[in-house]
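Engineer: Quick one, structure for this:
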Amino acid sequence: MKTENIPGYIIWLKSLKSNKTFPHLVFSADVDSMTTGMVSLTSNIENEIVISILNSKEYSSDKNVEWVKRINSELNRNDLKYIKWIRSENCSQKKKLFESYRNYWKRVKPYKNYYQDISDSAGESLQIDKESISDFIKNGGNIISHKFY
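Structural biologist: Got it, this is the predicted structure:
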């Protein structure tokens, strides 16, 4: 698959424990069914992301360990990690009645998105930046398409 056809964007995360920064590909499309079964794994040693498609059994399972092992094995690697979203904070601030959107966005703090840490599955990382997939590649990142149709 050509990178311009990948439905999504790159977020940069920073480990709250080690301060290590790493990329994560977030799939995004107008309709959820367009990204159903798509997964991204991030290398914990290189500036690289692998994208793949889960089979129906893997998709319906809540055990991501199985498919992470499978993809690492098929690519003869052991550095690919699944980065799970944990939570967002500052989500409950609502627009006041008759408040302009300009004033609302001045008042509201941006969301803080927390994900699993790449080095410590019990640890957390914080989203610190966002970029397009094409910018990620221009800046030296690599995306590998594995069984991605």
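
Engineer: Any buried residues in the lengthiest helix in the chain, and which?
Structural biologist: Scanning the chain for the longest helix, with DSSP state H as the assignment, gives helix 64-74. Neighbour-count burial for helix 64-74 flags W67, V68, I71, N72 (criterion: 16 or more other CB atoms under 10 Å). Using the backbone N, CA and C atoms, a C-beta is placed for each residue, glycine as well.

Engineer: so which of those comes closest to I118?
Structural biologist: Comparing the buried residues of helix 64-74 against I118 with CB to CB picks out V68 as the nearest, at 12.3 Å.

Engineer: give me the number of residues near the nearest residue to that closest one once chain neighbours are set aside?
Structural biologist: The shortest distance from V68 to any non-neighbouring residue, by CB to CB, 6 or more residues apart in numbering, is to Y82 (5.0 Å). Residue neighbour count, defined by other CB atoms under 10 Å, stands at 17 for Y82.

Engineer: Need the contact partners of the lowest-mean-pLDDT helix or strand in the chain.
Structural biologist: Among the helical and strand segments of the chain, the one scoring lowest on mean pLDDT, DSSP states H and E is helix 56-60, with a mean of 73. Residues outside helix 56-60 that contact it (CB atoms under 8 Å, 6 or more residues apart in numbering): T36, G37, E66, W67, R70.

Engineer: Check stretch 6-21 too.
Structural biologist: Counting by CB under 8 Å, 6+ apart, stretch 6-21 makes contact with 22-29, 34-35, 38, 40, 49, 51, 83, 113, 115, 117-120, 123-133, 135-136, 141, 143, all of which sit outside it.

Engineer: Alright, that wraps it up for me.
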